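Student: What follows is a predicted protein model with its sequence.
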Amino acid sequence: MTTDTLSQFRRLIVPCGIILGLAYLNFALNYSLGYQEVFVHHSQGVAITLWCLSGFLQVLVSTYWCLILYIGPGRSPQFPLFDIYSEGKQDLLPLPDLFFCDEYGFPFYDSKTQSLRMERSFYSKYVGYNVLKFDHFCLWIGSSIGLTNYLYFMKFCIWFLSFFIIMLVYVSRYTRSSINRGEINHNFILLYIMSGFWIFCISALFISHVVYVCSNMTTLEDISAKQKARYQRWKDRQRKEEANGGGLNCLAPKQPRKENGKRYVSVKKDDIRLVIEFDVTERPFNMGWKKNWINLVLNGNRTQGRGEEYYTTARFMEAMVVFFVPFAEIPFELHRNRTLLDLEKDHKGIERKIVEFNFYSNEVSPVFLNMIEDKIERKECYIPSYFVAMTASK
């Protein structure tokens, strides 16, 4: 068995375990509780209601799970390099006024896919390509989560959580009557354990992603911010120990991943380019919680393509309705896909790459742009190394 085959097999173990666990919970909920307890000893109507609710929620969970896998996280197109030397080469992308870069001012390049790497994209070994707005790999679902399936993931969490809430409500309501008759169905115990466990896990996951949406942050960006804080604490501890004459090395905590939290953006200023440093905890794409939710639900999880007049309170209410109503988001997703196809069909070659790049690029917030201008005024910036070399050659 090859390494790739073994890795794929391991990724299937947990999702298959979830499916088998749901099969058992169906038996315990719908037969042991729904039929043997509620239908036989209480109300046939209540039992039928339970079966309908349980079946409906599981259809939603299964459908959204399939949509997450089928739609995928969003594959980044393969892009040529930027024309950073402004030579007018027709096979290169025109240099944008603003792009995220390394400390030397160079754009990011992914050697695995031989492509320019867009901001917020990340190579996922699980799918074998750069994922647009990569968020995380979900072990339970068995899929990477990114730009195109993130909304489906959020709605999957809603209905999966609802399923276990219904389970806990019903088993809590009818356990006492079973005990009073001197009968205790041991399947009820597992219903308590599993519903409590999953309600806790999914609630924590869902709340964290609600926070992420409100600040337009990804799980990967949050991890980087926490790694920076952890590394800073480790460095502070090291300095204190050195000041106190050192300590027992065997008891010293292991050095965490080095993460200084420094990020860089290249901007055009008059006839030159400047590199500005910013911190990983700053949110370049945070348009405000209301706009962030509208963009997630109604704008294909993108930050650009809409004018200021689009972001109204009525539009936000529409986004909330679409978010909580099953499958209401599908017409908007189909429209987004048609829009991209319409933009692509009339262009070929480098022009098509430019269209795709502009479509998937992330617009930065006005707050971030103001921060850049302030740093330039304070001269907290520098000229990229390639621009210096280009100027010297001229």
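Tutor: Perfect, thanks for sending it.
Student: how about the strands in the stretch 201-350 of the chain?
Tutor: For the stretch 201-350 of the chain, the strands defined by DSSP state E, counting those that start in this stretch cover 262-269, 272-279.
Student: next one: the stretch 1-150 of the chain
Tutor: Taking DSSP E, counting those that start in this stretch as the criterion, the stretch 1-150 of the chain carries its strands at 98-101, 109-110, 115-116, 122-124, 129-131, 136-138, 143-145.
Student: Minimum distance to Tyr382: which of those strands has it?
Tutor: With CB to CB as the measure, strand 98-101 is the member of the strands of the stretch 1-150 of the chain nearest Tyr382 (12.0 Å). The way it works is simple: take the backbone N, C-alpha and C, and place the C-beta from them, glycine included.
Student: Tell me which other helices or strands the closest one touches.
Tutor: strand 262-269 (3 or more CB pairs under 8 Å, 6 or more residues apart in numbering; DSSP states H and E).
Student: quick one: strands adjacent to the strand it packs on?
Tutor: Strand 262-269 has its sheet partners listed here by DSSP bridges as strand 98-101 (antiparallel), strand 272-279 (antiparallel).
Student: Going by neighbour count, which residues of the first one are buried?
Tutor: Put plainly, it is strand 98-101. Applying a neighbour-count criterion of 16 or more other CB atoms under 10 Å, the buried positions in strand 98-101 are 98-101.
Student: who's in contact with stretch 356-373?
Tutor: 76-77, 79, 93, 96, 98, 118-120, 132-133, 147, 265, 267, 276, 278, 282-288, 302-305, 340, 343-344 (CB atoms under 8 Å, 6 or more residues apart in numbering).
Student: Let's have the strands of the stretch 1-150 of the chain in TSV, adding distance to Ile294 and mean pLDDT.
Tutor: Formatted as TSV, these follow (distance: least, CB to CB, whole Å; pLDDT from 0 to 100):
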stretch	distance to Ile294	mean pLDDT
strand 98-101	23	94
strand 109-110	31	92
strand 115-116	29	92
strand 122-124	25	91
strand 129-131	23	93
strand 136-138	23	92
strand 143-145	20	93
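Student: Dump those strands to a markdown table, plus distance to Met320.
Tutor: Formatted as a markdown table, the strands of the stretch 1-150 of the chain follow (distance: least, CB to CB, whole Å):
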| stretch | distance to Met320 |
| --- | --- |
| strand 98-101 | 31 |
| strand 109-110 | 36 |
| strand 115-116 | 36 |
| strand 122-124 | 29 |
| strand 129-131 | 27 |
| strand 136-138 | 24 |
| strand 143-145 | 21 |
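Student: do you know which of those lies nearest Gly45?
Tutor: Between Gly45 and these, the tightest spacing by CB to CB is seen for strand 136-138, at 37.6 Å.
Student: So which elements touch the closest one?
Tutor: Contact partners of strand 136-138 among helices and strands, from 3+ CB pairs under 8 Å, 6+ apart: strand 143-145.
Student: need the next SSE after the strand it packs on, C-terminal direction.
Tutor: Once strand 143-145 ends, the next helix or strand along the chain (criterion: DSSP states H and E) is helix 150-180.
Student: now that following helix: mean pLDDT?
Tutor: The average pLDDT within helix 150-180 is 93.
Student: distance between that helix and the chain's centre?
Tutor: Between the centre of helix 150-180 and the centre of its host chain there is 25 Å, according to CA atoms, centre = their mean, to the nearest Å.
Student: Same check on stretch 17-27?
Tutor: Put simply, stretch 17-27 sits 27 Å off its chain's centre (CA atoms, centre = their mean).
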